[in-house]
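Student: Pasted the sequence and its predicted model underneath.
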Amino acid sequence: MSAVVKEYVIDPEDRARAELYDFIGLLLATPADASLLAQVAGLKGDDTPVGETLNTLAKIAGVTSAETAEREYNILFIGLGRGELLPYASHYLTGFLNEKPLANLRADMAKRGIKRAEDKSEPEDNIASLMEMMAGMIMGRFGQVTSVSEQKEFFSAHVEPWAIHFFTDLETSASSVFYGAVGSLGRQFMEIEAEAFGMLPN
């Protein structure tokens, strides 16, 4: 017997949401290199608030070198002992790393068939991984397309309680220019998602 390959028809609006989740996750996973900066610089947003923020991010990317982006990323997230910001749910929700929010996330990941990539060693509750997980659920990368109600359940449990706070900190940090614009984009998108999910019945 041959395996059944499932093909999903994804609504264009949901595909756009997934692409934005993926994009933000990519920008926060590692320092932006010259190739990524060039791609970001070529983006064109529309006249919505998110589109205008995307245009701002593109303009900043166009005048940001890979060396500058790496220096900024290191100050924000790595530092000598630790970075200015710790982009983990456990830290934002408890003040410590590797606490209950991480354990809860791992249990939810196991239930949904989501596994951490073998080449990644940092805790799964980091913001880049959570953005990737949301995109994957929308696009059906974990075996099936996740319903909007289940997306809401995951978002409400693991993203909404802290992501807007994190992105606001990133947006307003004196150390962030390029990543400040990333923070602005992330904050606006999280606010839109929270509002949209909030309209759904519990």
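Tutor: Now that the structure is in, tell me what you want to look at.
Student: Geometric centre of the chain: which residue is closest?
Tutor: residue 131 (3.1 Å; CA atoms, centre = their mean).
Student: That residue: what's it in contact with?
Tutor: For residue 131, the residues meeting the contact criterion (CB atoms under 8 Å, 6 or more residues apart in numbering) are 21, 22, 24, 25, 28. Yep, even glycine has a C-beta here, placed from its N, CA and C like the rest.
Student: can you give me phi and psi for it?
Tutor: phi -60, psi -40 (degrees, to the nearest 10).
Student: just to revisit the earlier point, between the contacts of residue 131, which is nearest residue 105?
Tutor: Nearest to residue 105, judged by CB to CB, of the contacts of residue 131 is residue 25 at 15.1 Å.
Student: what sits up against the helix or strand the closest one falls within?
Tutor: Using DSSP states H and E, residue 25 sits in helix 12-29. Outside helix 12-29, the residues within contact range by CB under 8 Å, 6+ apart are 10, 36, 40, 50, 87, 127-132, 134-135, 138-139, 179, 182, 185-186, 189, 193.
Student: Now do the buried residues in the helix or strand that comes right after it.
Tutor: Using DSSP H and E, the next helix or strand after helix 12-29 towards the C-terminus is helix 34-41. Within helix 34-41, the residues that count as buried by 16 or more other CB atoms under 10 Å are 36, 37, 40.
Student: so after helix 34-41, what's the next helix or strand?
Tutor: Counting by DSSP H and E, the next helix or strand C-terminal to helix 34-41 is helix 49-62.
Student: can you give me the angle that next one makes with helix 12-29?
Tutor: 40 degrees (axes from the mean of the first three to the mean of the last three CA atoms, to 10 degrees).
Student: Neighbours of residue 117, how many?
Tutor: Residue 117 sits with 9 neighbouring residues when counted by other CB atoms under 10 Å.
Student: Make 5 the first number, not 1, from now on.
Tutor: Right, with 5 as the first residue, what we last looked at is residue 121.
Student: how close does it get to residue 136?
Tutor: 9 Å (CB to CB, to the nearest Å).
Student: Same check on residue 65?
Tutor: 21 Å.
Student: same question, residue 188
Tutor: 20 Å.
Student: Inside strands: which ones of the contacts of helix 16-33?
Tutor: Under the assignment DSSP state E, those contribute nothing to strands.
Student: which non-adjacent residue is nearest the residue nearest to the centre of the chain?
Tutor: Computed as CB to CB, 6 or more residues apart in numbering, the closest residue to residue 135 that is not its neighbour in sequence is residue 29, at 3.3 Å.
Student: Could you find the closest non-adjacent residue to residue 104?
Tutor: Per CB to CB, 6+ apart, closest to residue 104 is residue 98, 6.8 Å.
Student: Thanks a lot, catch you later.
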